[in-house]
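>>> Just to be clear, the model below is a prediction. Sequence and coordinates:
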Amino acid sequence: MEIKQLNLNSDKINNEKLKSIYAQFEELLEKIKPKKISDQTKYFINGEIDQINSTALGDTALFKLLKDKQNSIIKHLEKEYKIVPKNYYRNLWLAVGMSAFGLPIGTLFGLISGNMGLLAIGLPIGLGIGVAVGTSMDKKALQEGRQIDVEIKY
């Protein structure tokens, strides 16, 4: 089974933001093709592409649809095969580091010093921890050949 192509009319893609995400989506699909994935996953991806190709949406709604379908495909690939785009784990762990590590560390600093204004000190510490963990996971994915050579930007 072959992965389908995006076939939106060029008159629907009329602003730079929409052109950018459309090109990014096409690049993602091209980079997925050589990966060894099951026919069931290809069927799932083709279903998402069919929904995009048959849409009558425009501008903001089309941008949101493209972004949602792209995220859906990436999450499916990550869940089933651990295949991820560049900097996937870094971006994921950046937020996790700030909330899971940074806030408790900042709260600890605030309680120890008696000044809860120091709560914000923990956020950049958590950000650094999250980026370090995420970057190491991205390097591991690259070494294991599970990384797609596409960086997802929104």
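Everything's here; your move.

>>> So residue 148: helix, strand or coil?
strand (DSSP: H, G, I helix; E, B strand; the rest coil).

>>> Based on its surroundings, how many neighbours for it?
21 (other Cβ atoms under 10 Å). Where C-beta positions appear, they are placed from N, C-alpha and C, glycine not excepted.

>>> Contacts only, for it.
28, 31-32, 35, 77, 83-86 (Cβ atoms under 8 Å, 6 or more residues apart in numbering).

>>> Sticking with the closest residue to residue 83 other than its chain neighbours, tell me its helix or strand.
Once flanking residues are discounted, residue 83 sits nearest to residue 77: 4.4 Å by Cβ to Cβ, 6 or more residues apart in numbering. Counting by DSSP states H and E, the element that carries residue 77 is helix 59-81.

>>> who touches that helix?
Residues contacting helix 59-81 (Cβ under 8 Å, 6+ apart): 8, 12-15, 17-18, 21-22, 24-25, 28, 32, 35, 37-38, 41, 44-45, 48-49, 51-52, 55, 57, 83-85, 88, 146, 148, 152, 154.

>>> Could you report the distance from the residue lying farthest from the centre of the chain to residue 36?
Distance from the centre of the chain peaks at residue 114, with 39.4 Å (Cα atoms, centre = their mean). To residue 36, residue 114 is 58 Å away according to Cβ to Cβ, to the nearest Å.

>>> I'm done for today, thanks for sticking with me.
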